[in-house]
Structures are given as C-alpha cells and as structure tokens.
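Trainee: I'd like to go over a predicted model; first the sequence, then the structure.
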Amino acid sequence: VLLWKGSERMNLMDLIIKITVDQSGVDQGMDQAKKTVTGASDTMTARAVAVGTAMYDMGKKAATGVLNIGKFSMDVGMAFDSSMSKVAAISGATGDDLDFLTEKAQEMGAKTKFSASEAADAFTYMAMAGWKTDEMLGGIEGIMNLAAASGENLASVSNIVTDAITAFGLSAENSGHFADVLAAASNSANTNVSMLGGSFKYVAPVAGALGYSIEDVSVALGLMANSGIKAEQAGTAMRSMLTRLAKPTKEVYSAFETLGISAEDALTNADGSMKPLSETIGILREKMSGLSETEQASAAASIAGQEAMSGLLAIVNASNQDFEKLTSSIANADGKTREDHADTMNQLFSAYAKGKECKELSAILGDSALSATDKLYAKFAENFEKEYVSQGFNTDRSIEETLDIGWKLMKILPRSELKRIKEKFLDKYLD
C-alpha cells in the first residue's frame, strides 16, 4: 500500500482505528477464554491448559503485531509527506512537477538503500540551491550513487554537491560530473567525501571566482590530504593561498622572482585572466623542487602565507607518482569507480532491504518465524548498518575500501542468494 497517497492512507487509517476499537472486545474475549480454560483445569489435562494459554498469548501478540505494523506504516508515510511538503514549499513545485518529484523519490527509495523520505530530503537541499524540477530529477541519481558508494549521509552529500556547484558557478547538469570527481578524489587520496565537502565549503567561493576548475582544486585538496591536511583545515589553507595568488603582495612577487619566474607569468594569462590552477601548480612544483628544505619553507611562506604554507608544501613535495595518479584519476572520473561497482551496490541494497524486512518480522513474531536464510539476511542487515552505513566523519575510507567492505558483508549470505552480481565478479571478489 502506498501510504502517502491520500485515499489509500485513509483506508489504512480506517483499518487501524477499527482494530484499535475492536481491541477491547478481543481482549475481553481472550481473557474470558483464558479464565474458562484455566477454571476447567480440574477436568482438562495440563497440556490442554498450556495450549489454551499459549493460544491466548499468540492471539494477543498477533493483534499487537498488526497495530505495530500499521503504526510503523503510518509513520513512514507521514514522514515522506512532510519531506515532500518541504520540497514543494521551497521549490514552488505544484501539479505535475510535484508529482514527478514524488514519483522519483519513491522510485529511488525502491531501488537504492535509501528511503523515499531520504530522497525527498536530498531534493530539499537541491531546492534550497535554486534547482528547478528537471534539474532535481536529473541530478538525484548521481548524488545518491555517490552517497551510497561512499557510505555517507544522503542529505549531507546533496548539500555538499549543490553548494559547491553553486560556488563554482556551474549548473545542476554538472552535478553528476562533480559527484564523480569527488568519488575519484576520495578513492585516490587519503580523504573522504565528507572531508572534501568541508574543504570545498571554504575554498569553493574563492576558487570559483578565480575561474579555477573543480578538477584542479580537487587534485590540490587530495595532495594536501595525503599529508594530513584535510577537511576545513585544508579548505581554509587553500582559500588563504588562492587569495594571495589573486592579489599578489610584494612578498609574493619577490618569492616568484627568487624562483626565477615573474608572478605574472606564473599566475596569469596574457589577457589578465588567471591561468588554470593545474598550470600554476606545475610551475611551483618544478621551480621549488631543487630548493633546500629551508628555501622551500621560505618560498612557501612568502607565496601562501604563514597559515597556508604547509598546504603548499604538501602540494609541491608530493611524489610525481602520487601527483600523476590523482590527476589522472580525477581527469577520467566520469562514471568510473570500479568494475564491480554497479553490481555490488545493486546487490547490497537488495540484500539490505530484505534483511530489514526479516528484522521487522522477527521483532513482531519472534525469531521462530524466520527461516535459516532469513536469519542470515537479518544478520547481514545488522552488520551492514554497523560496518557500512555508520561511517564517522574522520574515517578515511575510499570508495574501493567501501566496496571491499560490501564484499565482506555479502559473505554472510549463501552465494546462491547473490543473484544480482555477475559470476566473474563473484569469482574475483567473493572467493
């Protein structure tokens, strides 16, 4: 039953009200039956009394179970309605537009690990960023895929993507690409999506104003993260550095002259616009590579400032191998995580959905109502929530590591249950 559609929800409410009203009659009847059975213990066998008592308890549990299911269903439907109401209020969507968004949220709730309400909450952040209905419909899947693959909170990822897209002056149609860039950076550097989001919050407005690309900024942040400079710390350091590059002081000019190049040639094009950040970084890496540690520290302090010099040193001193690996990964980010990504995510979401159903059934009717395979699914869901979903902010977990955790969890289930994954991937990653 789709609880969020008005008429259907009213029918369910009528049913629950009827069950609640009739519950007193059920209780009275059962109590009377129990008294009758107990009172007849002189003429009935002890087994009969036990059976009668057990039937009474079972009847009470069943009636309570129906009420619990109804209440849970109503809560879910009301939460979704509330979330979609926020979307409508912020975006101004009505009529067909609101119907399209509602159907999309329900669709994403059905085919991913996230609920329809969580999808609606993601739409809320998109609406707050000024996205139109078609932009929200087109952007939600990329954002949800990033949140799922990284193990991050969906609403948080939506907020990160929408804020950064706006700061860089890009449109909603770039959201999928930006999600892929974040995935590549977190997979190839010692950071994660939440930390990158914390960095972008501070550096994106300045970087966007200077015309720097998301890709180049991500490379710089990734190199800083590899040296332990992450999240807000990296964002504030890079913001300070870019501010000095945008309006060089005498100290900055002097430092570039010491490196054998003018600040203008290192930072700007002939027309006065800023060179791509990747080009400036390349120049700095080349010019500072032959300096002593003391000379490097002096140059970094002069160019980036005292607060940001450690960030610049992390960028220029990164090994060529790390620099090229991260640059290449981000340059080829679109749609690329790992070969098994799509199959693994599909199977994990499916198994988790079934596992949650088994856990709910167990809570209502007890473990005895579950088959041996159902119990494995319930165990999978519990471990999935502990090890996969609940990732801390400071946990450095790449997407590749996240996929590996997924494979570890899937070993709880019989191979015959993993029907959504190609055999070649089962052979490679499961066994």
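Mentor: Sure, I can see it.
Trainee: any low-confidence regions in the stretch 201-350 of the chain?
Mentor: Residues of the stretch 201-350 of the chain meeting the criterion pLDDT under 70: 335-338, 342.
Trainee: rerun at 90
Mentor: The model of the stretch 201-350 of the chain has pLDDT under 90 over residues 290, 332-350.
Trainee: does residue 111 really touch residue 349, like I thought?
Mentor: Yes. Using Cβ atoms under 8 Å, residue 111 is in contact with residue 349, at 7.1 Å. Bear in mind the C-beta positions are built from the backbone N, C-alpha and C, glycine included.
Trainee: wait, what's in contact with the most centrally placed residue in the chain?
Mentor: Most central in the chain under Cα atoms, centre = their mean is residue 147, positioned 2.2 Å from the mean C-alpha point. By Cβ atoms under 8 Å, 6 or more residues apart in numbering, residue 147 lies in contact with 114, 153-154, 156-158, 193.
Trainee: okay, those residues in a markdown table with pLDDT next?
Mentor: A markdown table is the format used below for those (pLDDT from 0 to 100):
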| residue | pLDDT |
| --- | --- |
| 114 | 85 |
| 153 | 85 |
| 154 | 87 |
| 156 | 89 |
| 157 | 91 |
| 158 | 90 |
| 193 | 91 |
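Trainee: mind listing which of these are in helices?
Mentor: The members of those that map onto helices under DSSP state H are 154, 156-158, 193.
Trainee: circling back: residue 111 and residue 349: who's more crowded?
Mentor: Legend: neighbour count by other Cβ atoms under 10 Å for residue 111 and residue 349, higher for residue 349 (18 against 14).
Trainee: tell me the secondary structure for that one?
Mentor: helix (DSSP: H, G, I helix; E, B strand; the rest coil).
Trainee: That one contacts residue 115, correct?
Mentor: No. If you go by Cβ under 8 Å, residue 349 and residue 115 don't touch, sitting 11.4 Å apart.
Trainee: And the pLDDT for residue 40?
Mentor: Reported pLDDT at residue 40 in the predicted model: 45.
Trainee: hmm, I was thinking of residue 378
Mentor: 94.
Trainee: burial count for it?
Mentor: Other residues close to residue 378 by other Cβ under 10 Å number 23.
Trainee: Next one: it from residue 355, what distance?
Mentor: 6 Å (Cβ to Cβ, to the nearest Å).
Trainee: how much space between the nearest residue to residue 149 once chain neighbours are set aside and residue 427?
Mentor: Of all residues beyond its chain neighbours, the one nearest residue 149 is residue 399 (4.9 Å), with distances taken as Cβ to Cβ, 6 or more residues apart in numbering. From residue 399 across to residue 427, the span is 22 Å (Cβ to Cβ).
Trainee: what about the two, which has more around it?
Mentor: Counted by other Cβ under 10 Å, residue 399 and residue 427 do not tie: residue 399 has more neighbours, with 24 against 9.
Trainee: you'd agree the residue nearest to residue 149 is up against residue 152?
Mentor: No. Counting by Cβ under 8 Å, residue 399 sits too far from residue 152 to count as a contact (10.6 Å).
Trainee: Distance from the chain centre to stretch 222-229, please.
Mentor: Offset of stretch 222-229 from its chain centre (Cα atoms, centre = their mean, to the nearest Å): 22 Å.
Trainee: Stretch 229-244 too?
Mentor: Distance of stretch 229-244 from the chain centroid (Cα atoms, centre = their mean) equals 24 Å.
Trainee: Check which residues of that stretch are buried.
Mentor: Going by neighbour count (16 or more other Cβ atoms under 10 Å), the buried part of stretch 229-244 is 229-231, 233-242, 244.
Trainee: Repeat that for stretch 95-110.
Mentor: 97-98, 101-102, 104-106, 108-109.
Trainee: hey, C-alpha coordinates of that stretch in PDB?
Mentor: What follows is stretch 95-110, C-alpha atoms only, in PDB (Å, rounded to 0.1, in the frame of the first residue of the first chain):
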ATOM      1  CA  GLY A  95       0.800  19.900 -10.000                       C
ATOM      2  CA  ASP A  96       2.700  17.700 -12.400                       C
ATOM      3  CA  ASP A  97       6.100  18.900 -11.200                       C
ATOM      4  CA  LEU A  98       5.400  17.900  -7.700                       C
ATOM      5  CA  ASP A  99       4.000  14.500  -8.900                       C
ATOM      6  CA  PHE A 100       7.200  13.900 -10.900                       C
ATOM      7  CA  LEU A 101       9.400  14.700  -7.900                       C
ATOM      8  CA  THR A 102       7.200  12.500  -5.600                       C
ATOM      9  CA  GLU A 103       7.400   9.600  -8.100                       C
ATOM     10  CA  LYS A 104      11.200  10.000  -8.400                       C
ATOM     11  CA  ALA A 105      11.700   9.900  -4.700                       C
ATOM     12  CA  GLN A 106       9.600   6.800  -4.400                       C
ATOM     13  CA  GLU A 107      11.500   5.200  -7.300                       C
ATOM     14  CA  MET A 108      14.900   5.900  -5.600                       C
ATOM     15  CA  GLY A 109      13.600   4.600  -2.300                       C
ATOM     16  CA  ALA A 110      12.600   1.400  -4.000                       C
END
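Trainee: still on that earlier bit, from the buried residues of stretch 229-244, which single one is nearest residue 83?
Mentor: Taking Cβ to Cβ as the measure, residue 83 lies nearest residue 231 of the buried residues of stretch 229-244, at 28.2 Å.
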